[in-house]
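Asks: Please find the sequence and the predicted model below.
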Number of protein chains: 2
Amino acid sequence: MSEQQYLDNYDRKAFDAPLMTVDSVLFTCHEGQLKVLLVKRASHPEIDKWGLPGGFVDLENDQTLEDSVMRRLKQKTGVVPPYIEQLRTYGNAGRDKRGWSVTVCYTALVSYQVCEPHIETVADVQWLDIEQLDQLALAFDHRQLIADARERLRQKALYSIIPAYALPELFTLPELQQVHELLIGKTLQKKSFRRRIEQAELLIETGEKRSERGRPATLYRMRGEAGQYNFVRNLEF
Amino acid sequence: MSEQQYLDNYDRKAFDAPLMTVDSVLFTCHEGQLKVLLVKRASHPEIDKWGLPGGFVDLENDQTLEDSVMRRLKQKTGVVPPYIEQLRTYGNAGRDKRGWSVTVCYTALVSYQVCEPHIETVADVQWLDIEQLDQLALAFDHRQLIADARERLRQKALYSIIPAYALPELFTLPELQQVHELLIGKTLQKKSFRRRIEQAELLIETGEKRSERGRPATLYRMRGEAGQYNFVRNLEF
DNA sequence: CTCCTTAAGTGTCTTTGTGTCACTAAATAC
DNA sequence: GTATTTAGTGACACAAAGACACTTAAGGAG
């Protein structure tokens, strides 16, 4: 049999396949708190519980997994976050009551400000303070996904400035340091933090300042390549 | 409608789902070369091309994705490799001629010696020298998966001793350094390499030595936790 | 047995980058 | 002005990697 004959006769539904979804753990930082985006489930199973934004991959409309993730995030937040990265894939027979299911989970970051207008208009989407997660029943294994995403981001905070994507386009060094501290769970030395970022030339000084109580702080913008840069040495933890 | 009613009526085949496979990039080190395990495809599509060990997730026999990966690796090599970690998931409409497909890809390491007896008996499995990959037509996007796995392992070689899993249980420090050098693509300072491993106490001296031309080298064994350890500072690259 | 070759393993100084912490700088409030 | 608050710097200590010459322990040739 030729390959073409094989393909012509191939029946995609001959074997039972797992349910296939994508989910994302979208973090932001606002008023000194790390927050995660949750969506209230409107349908069975686990209806009315809060869960991560995501859903079935739509073979008609999505050409890639990333298409699927971005489409859903845009739908819930109004924008496509500046940082999206695959976290890992969870698949087993028990995580969904409908049977064997697989979810490809992404970690994403966005500034609070840029989604605020959209999120305020809907009741089924909220930014939940990460510290208040324990008090909420979450759908499926989403608590685990959030924990894993947070741990990965914590690692990245030790050797990159990826957390900057949780801030607006313009931000100050003390603001950035605060996000890192939230993620790492430990206060950092101002001097060490500033020094390594300066040496690596990851930020562009805008010239503008921002002030509220005390000396005004310089506003910076990320360089395009700054997201790819890894420090050779981790911050202590 | 209650959740139970919903589940009783749920039709898993109502929506077209992607084809769902797992693949693994299994590396080893032998005679100073980094090698990857390839399997000759016995069926359509891309029949007779070489590809990664893997295949469809079997909802009957596999309870988790990891079950599925380990089962297939054991089938091809005769053993379950000591190191298996998820690399990432590739999913899009075009990577498989049969249509929208998703593969969860794993990186694995194993010693050459422990699989040799099994692999020698079969003709459809080979260890291919990583440098000779260009000369071979590979199935699907497997060339990309191998490149990504290699890059990830290269990163790990800079801040961990994960590459030790590509060696037999007992190995010498010069052997380990050689694997790191193969992965990083650069010679390393003997002193720096030894010093950091000693300080972190990642290996156990067995007391035995191995010699062939020159001063005998001390044989070490990995500590159980050594795989989890990350150095705070990367080797230069 | 000695000398040469080979590879393992060490001594030590340099270099790089973080930790620490006291200090200076620039704004506001009174 | 002076106090308060927060941003940002100076300078030294410390930890770990780079560089490289040196010593050690084996085998083989004569």
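Replies: Good, I have the coordinates.
Asks: what's the offset of stretch A:204-214 from the middle of its chain?
Replies: Put simply, stretch A:204-214 sits 27 Å off its chain's centre (Cα atoms, centre = their mean, to the nearest Å).
Asks: what's the answer for stretch A:21-36, then?
Replies: 6 Å.
Asks: Report whether that stretch contacts chain B.
Replies: No - Stretch A:21-36 does not reach chain B (Cβ under 8 Å from any Cβ of the partner chain); its nearest approach is 8.7 Å. Just so you know, the C-beta spots here come from the backbone N, C-alpha and C atoms, and that holds for glycine as well.
Asks: Give me the buried stretch members for that stretch, please.
Replies: A:21, A:22, A:23, A:24, A:25, A:26, A:27, A:28, A:29, A:34, A:35, A:36 (16 or more other Cβ atoms under 10 Å in any protein chain shown).
Asks: shaky segments in chain A?
Replies: Under the criterion pLDDT under 70, the flagged ranges of chain A are A:6-7.
Asks: Which positions in chain A make contact with DNA strand C?
Replies: A:188-193, A:195-196, A:199, A:209, A:211, A:213-216, A:231-233, A:235-236 (Cβ under 7 Å from any atom of the strand).
Asks: From these, which land in helices?
Replies: The helices, defined by DSSP state H, take in A:190, A:191, A:192, A:193, A:195, A:196, A:199 from the residues of chain A next to DNA strand C.
Asks: Just the buried residues from those residues, in ChimeraX please.
Replies: Here is the ChimeraX command that selects the buried residues among these (16+ other Cβ under 10 Å):
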select /A:193,196
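Asks: Could you dump the ones in helices among the residues of chain A next to DNA strand C into JSON lines with distance to chain B added?
Replies: Shown next, in JSON lines, are those (distance: Cβ to the nearest Cβ, whole Å):
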{"residue": "A:190", "distance to chain B": "20"}
{"residue": "A:191", "distance to chain B": "18"}
{"residue": "A:192", "distance to chain B": "13"}
{"residue": "A:193", "distance to chain B": "16"}
{"residue": "A:195", "distance to chain B": "16"}
{"residue": "A:196", "distance to chain B": "13"}
{"residue": "A:199", "distance to chain B": "15"}
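Asks: Report the entries of the ones in helices among the residues of chain A next to DNA strand C that also contact DNA strand D.
Replies: Taking Cβ under 7 Å from any atom of the strand as the test, DNA strand D is in contact with A:190, A:191 out of those.
Asks: Out of the ones in helices among the residues of chain A next to DNA strand C, which is nearest to DNA strand D?
Replies: Distance to DNA strand D, by Cβ to the nearest atom of the strand, is smallest for residue A:191 among these, at 3.7 Å.
Asks: For the spatially most central residue of chain A, pull up the helix or strand it's in.
Replies: For chain A, the residue sitting closest to the mean C-alpha position, by Cα atoms, centre = their mean, is residue A:108 at 2.0 Å. Take DSSP states H and E as the rule and residue A:108 turns out to sit in strand A:101-109.
Asks: just residue A:126 next, same as before
Replies: strand A:125-129.
Asks: Can you list the strands that that strand pairs with?
Replies: Pairing partners of strand A:125-129, with direction, according to DSSP bridges: strand A:33-40 (antiparallel).
Asks: Of the buried residues of stretch A:21-36, which pair is most distant in space?
Replies: Spanning the widest gap among those are A:21 and A:29, at 27.0 Å by Cβ to Cβ.
Asks: what's the angle from the helix of greatest length in chain A to strand A:33-40?
Replies: Longest helix of chain A, by residue count under DSSP H: helix A:142-159. Calculated by axes from the mean of the first three to the mean of the last three Cα atoms, to 10 degrees, helix A:142-159 forms an angle of 150 degrees with strand A:33-40.
Asks: Helix A:142-159 and DNA strand D, any residue contact?
Replies: No - between helix A:142-159 and DNA strand D, judged by Cβ under 7 Å from any atom of the strand, nothing touches; the nearest distance is 13.8 Å.
Asks: quick one, strands of chain A?
Replies: Using DSSP state E, the strands of chain A run over A:19-30, A:33-40, A:50-51, A:54-56, A:83-92, A:101-109, A:125-129, A:171-172, A:203-210, A:217-222.
Asks: And the contacts of the third one?
Replies: The reference is to strand A:50-51. A:23, A:38-41, A:126, A:128, A:136-140, A:142 (Cβ atoms under 8 Å, 6 or more residues apart in numbering or on different chains).
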